[in-house]
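S.K.: Here is my input, please return the structure:
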Amino acid sequence: MHRDETRDAAPERKHADEQNEARMLPPELVSALDGEHLEAHADEAFRLSTVSADGWPHGAQLSVGEVLALDAQTLLVAMWPRSNTAQNMLRDARLALTLVHDGAVLEIRAHASLIAEHQTALDLSVFRLRIERVEVHRAKYAEVLSGVTFRLHEREKVIARWREQIAMLRSHAAPV
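M.R.: Prediction:
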């Protein structure tokens, strides 16, 4: 989906494009990622793209149980420490988090910094994501209904683990 198929057209079109870019998350998304709505968003996944060692994009999926919005410019994420994604973020802090919101695809560009290791029984690492830019990709002819979704095998067990992870992320909410 293209943000605007005539990006370099008339000045009024450029102005509209600039309004589709921001440095902050929409308030409704901050609320949705505050850790209080795990059941409501349990089937949704967010695409996290990092830069691999060979310079190619590397994709991973995150759930609402691994992401906590501290405010409109800061997210905390819980990661498996030895995953390719975590290793990529340690080497090159640039990333993009992509999700569906309000009938559009949001591309959130951010920089990651490691703030804690060996968290919870799962030995997770915590990264703080500082949002640099949010792009809204919306088509005039269609509404995006969903992105990546999944079905949890043991829903209650997974949501209980997510609650523990969100509580742990909240314990790291103090600014650095």
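
S.K.: Now do the buried residues in stretch 53-60.
M.R.: Buried residues in stretch 53-60, counted by 16 or more other CB atoms under 10 Å: 58, 60. Using the backbone N, CA and C atoms, a C-beta is placed for each residue, glycine as well.

S.K.: Can you pull out the residues in contact with that stretch?
M.R.: 47, 48, 49, 50, 51, 52, 83, 84, 85, 88, 91 (CB atoms under 8 Å, 6 or more residues apart in numbering).

S.K.: same question, stretch 87-100
M.R.: 44, 46-53, 58, 62, 75, 79, 105-114, 127, 129, 144-147.

S.K.: How many residues are close by the nearest residue to residue 150 once chain neighbours are set aside?
M.R.: In space, residue 150 comes closest to residue 45 once its chain neighbours are excluded; the distance is 5.7 Å by CB to CB, 6 or more residues apart in numbering. As a burial measure, residue 45 scores 18 neighbours (other CB atoms under 10 Å).

S.K.: and if you look at residue 40?
M.R.: There are 10 residues near residue 40, going by other CB under 10 Å.

S.K.: Could you look up the SS state of the residue nearest the centre of the chain?
M.R.: Computing the C-alpha centroid of the chain and ranking residues by CA atoms, centre = their mean puts residue 97 first, at 4.0 Å. At residue 97, secondary structure determined by DSSP: H, G, I helix; E, B strand; the rest coil is strand.
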